[in-house]
Structure formats: structure tokens, C-alpha cells
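[1] Requesting a structural model of the entry that follows:
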Amino acid sequence: MKALFAHRRAVSLVAALLCFALFGYALYAQYHLLLEPCPLCMFERVAVVSLGVVLLLAAIPAGRQLVLRRTAALAVLVVGLAGAGIAAKHVYIQSLPPGKVPVCGATLDYMFEVFPVMDVLRKVLTGSGECAKIDWTFLGLAMPAWVLIWVLLLTALGVAIHWRRGGAQGI
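    Modelled structure (predicted):
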């Protein structure tokens with residue numbers, strides 16, 4: 001475990017690459033498997049890519065620059081918790097019984113054309129009927145559940161390796 005912290009920058013880069021790989025799979029699922037993403041899926045993609053970018057930036061401070069590393073850890077935490085919150089909301093909507101699912105709304109493109117950005121965010125984050133549809137599973141879990149798991153794991157890893165006080169020489 002100590003070796004993991006000794007190579008903080010490399011671990012952060014690998015975690016960032018995992019985020020980008022998750023985004024790549026989402027694009028594969030959309031364009032090759034023809035699974036159309038719902039509005040919450042689109043926001044989950046933004047969150048995963050944002051987490052990857054923050055992890056990439058977090059790898060920059062070298063050595064024992066504790067303030068920069070802790071700032072990076074806090075940035076990873078904030079972005080990761082936002083992504084986990086979106087994915088958790090999506091998992092919750094998918095777990096609702098059919099009679100309790102919110103009605104389907106307008107497409108995301110249309111909403112951005114017609115409504116102010118904050119109204120679009122509010123509408124999307126409350127979820128809608130198309131967000132309840134499950135058309136892909138792996139090991140019994142739908143894609144939002146996997147997003148939640150990966151975001152929580154990568155966030156915990158990013159915070160742990162960047163918050164830790166000593167032994168972060170980088171590579």
C-alpha cells in the first residue's frame with residue numbers, strides 16, 4: 001500500500017485514464033450498441049470526464065507541496081461527489097416502481113434551446129421517464145450503478161493519494 005502512495009502521480013494518471021476509458025465505453029454504447037443516453041446519462045458523462053480532468057491536473061504538483069496536493073484532493077472530492085450524486089439520483093429513479101416514475105420530458109437539446117441553463121439543470125436533475133429505462137446491465141447492475149461505483153472508487157483513491165501527508169515523491 002505504501003508503494004501506491006509513493007507513486008502518487010502515476011496512480012492519479014491511471015485513475016484519470018480510467019475515467020476517460022469509462023467515457024469511451026459510453027460513446028461505444030451509444031454509437032455501436034445504439035443505446036441512446038438519457039439526460040442524466042449525459043450529465044454523468046460530464047461528471048466522469050470532469051473527474052478525469054481533475055485527476056489529471058492533480059498529478060501536476062510534485063513532491064511534498066502539501067497545500068497543492070490537498071487542494072487537488074479537495075477538487076477531486078467535490079467533482080467526485082457531484083458525479084456520485086448524479087449517478088445516485090439516476091439509480092434511485094431506475095429503482096422506482098412503474099407508477100412512481102416521473103413523466104418523460106423534452107430532449108436535452110430542446111431544453112437548452114428554450115430554457116435558461118439553471119432551469120435545464122433543475123429539470124434534468126429531478127429526472128424523467130426516459131431516465132428510468134434500463135436497457136443495459138452487467139452483473140445485474142445497470143450503467144448508472146456502475147458509474148456510481150467507479151466514481152466513488154476513483155474519488156476515494158484520488159482523495160487518499162493526494163491528501164496523505166508524507167511519502168508522495170511522485171515519479
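[2] tell me, what residue is most central in this structure?
    Val48 (3.2 Å; Cα atoms, centre = their mean).
[3] Please look at that residue and Val147 and confirm they touch.
    Yes - taking Cβ atoms under 8 Å as the definition, Val48 is a contact partner of Val147 at 6.6 Å. C-betas here are computed from N, CA, C, even on glycine.
[4] so what sits against both of the two?
    22, 83 (Cβ atoms under 8 Å, 6 or more residues apart in numbering).
[5] Which positions within stretch 53-67 qualify as buried?
    Using 16 or more other Cβ atoms under 10 Å as the test for burial, stretch 53-67 gives 54-56, 58-59, 61.
[6] May I see the residues you listed arranged in CSV, with secondary structure and pLDDT as well?
    What follows is the buried residues of stretch 53-67, written out as CSV (DSSP: H, G, I helix; E, B strand; the rest coil; pLDDT from 0 to 100):
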residue, secondary structure, pLDDT
Val54, helix, 94
Leu55, helix, 93
Leu56, helix, 92
Ala58, helix, 85
Ala59, coil, 83
Pro61, coil, 66
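[7] Contact partners for the closest residue to Met143 other than its chain neighbours?
    Distance criterion Cβ to Cβ, 6 or more residues apart in numbering; nearest residue to Met143, sequence neighbours excluded, is Trp136 at 5.3 Å. Residues near Trp136 by Cβ under 8 Å, 6+ apart: 29, 33, 35, 142-143.
[8] most distant residue from the middle of the protein?
    Distance from the centre of the chain peaks at Gly99, with 28.6 Å (Cα atoms, centre = their mean).
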